[in-house]
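A.B. asks: Next one to model:
(one chain, ligands or ions: 2)
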Amino acid sequence: ETIANQIAAGEVVERPVSVVKELVENSLDAGAQRISVELTQGGITGIKVVDNGCGMSAQDAALCFQRHATSKIRRPEDLNRINTLGFRGEALPSIAAVARVTLTTRTAGELGGTAVRIEAGQIKEIAAVGCPVGTTVEVTDLFFNTPARRKFLKSVAAETGQISDLLAKLALARPDVRFELRSGNRILFVSPGSGSLKDAAAVILGAANLNSMLEVNCQGELLAVKGLISKPVLTRASRQYQNFFINGRYIRSSLFSNVLQQAYENQIPGGRFPVAVLHLTIDPAQVDVNVHPTKMEVRLAREKEVLDELTAALIKPLQSTGA
Ligand code: ADP
Ligand code: MG
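C.D. replies: Ligands and ions are numbered 1, 2, ... in the order given. This is a model prediction of the structure:
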């Protein structure tokens, strides 16, 4: 079991940003409205994620480090309409296999909470503790027991940068959630959590740039598209500033980027890349996210129709600028 966990860990936990991604996704799945992430040395020596989600019972807190102990898939049919971010039950055991972890949690229904301390996959301590409703996970000394993997870590600045990029995307994915990122005692970033995409975008893209964005809001037959794309005055030299979300999940998609670029170039000739924050809503049964543990790429059942609807949604605001 320990070896299986270390192998799974290799897939799930490559670097600090992968730990943060899994922990924050768990917080989102737990319905948290506030999530704070605190890094020590770019997450290499410490990552602390605090959420105000639903928390876990004492029993679940002890179980959640077992492999495939997901609470998110109960029946085989659930696999066809996954709307939570995690569903494999691999993240916590994988992280715990390669670090020291303390999880502290309480549900609203219980007066006291539970703390579980685990090191290199071995539970060291389970104790009753006082704590607020929600969950705190502290991960220290990542890869302390797998020195070969520790060697692949980059500089503190590089690891911090990746985590900051990830949280920026999550803040755009979930404008209703307040995200806070700290490094040491510096606050790197706070998203307001007001529920408005524009408010989140003001923090991430810079308030001044908001005036250069066009609103997209279109309901098609298969696809609803909402978000912001830039006017021709605000372009970038790379696709890095194009953010696509399907059903609230950030994805990397050259398909969508190509559609965006095409729609843009048809209206505005030139080789630069628009900035975009686009939320796509599709029937979950039409989307396959079960491609890779990092779950960034997706497959679409009716790809051509979906892409055509996306094109139509994007062309509308671009045409209205008269560009
Ligand atoms: P998965 O997310 O794929 O279910 P994980 O290993 O990430 O698997 O988590 C295992 C289980 O632990 C989850 O299904 C959930 O029930 C519980 N859990 C993990 N993190 C949290 C959290 N922040 N708040 C509440 N429950 C959590
Ligand atoms: Mg998870």
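A.B. asks: only C-alpha atoms for contact and neighbour calcs from this point on.
C.D. replies: OK.
A.B. asks: From residue 266, how far off is the residue positioned nearest the centre of the chain?
C.D. replies: Nearest to the mean C-alpha position of the chain, by CA atoms, centre = their mean, lies residue 170 at 4.8 Å. Between residue 170 and residue 266 the computed distance is 30 Å (CA to CA, to the nearest Å).
A.B. asks: Okay, domains of the protein per the record?
C.D. replies: Using automatic domain parsing, the domain ranges for the chain come out as 2-190, 206-320.
A.B. asks: Which stretches in the stretch 51-200 of the chain count as helices?
C.D. replies: 58-63, 91-97, 147-150, 156-173, 197-205 (DSSP state H, counting those that start in this stretch).
A.B. asks: so where is the protein shaky, pLDDT-wise?
C.D. replies: Where the chain drops to pLDDT under 70, the residues are 1-11, 69-88, 270-271, 289-296, 322-323.
A.B. asks: And the residue of the stretch 101-250 of the chain closest to ligand 1?
C.D. replies: Ligand 1 sits closest to residue 135 of the stretch 101-250 of the chain, with a gap of 5.0 Å, by CA to the nearest ligand atom.
A.B. asks: isn't that residue right up against residue 55?
C.D. replies: Yes. The pair residue 135 / residue 55 is scored as a contact, 5.3 Å apart, by CA atoms under 8 Å.
A.B. asks: what residues do the two have in common as contacts?
C.D. replies: 105, 106 (CA atoms under 8 Å, 6 or more residues apart in numbering).
A.B. asks: ok, back up a step: okay, the residue nearest to the centre of the chain and residue 250: tell me how far apart.
C.D. replies: On the measure of CA to CA, residue 170 and residue 250 end up 7 Å apart.
A.B. asks: And residue 304, by the same measure?
C.D. replies: Using CA to CA, residue 304 is found at 20 Å from residue 250.
A.B. asks: ok, the two, which is more surrounded?
C.D. replies: residue 250 (22 against 10; other CA atoms under 10 Å).
A.B. asks: is it fair to say the more buried one lies in a strand?
C.D. replies: Yes. Membership of residue 250 in a strand is supported by DSSP: H, G, I helix; E, B strand; the rest coil.
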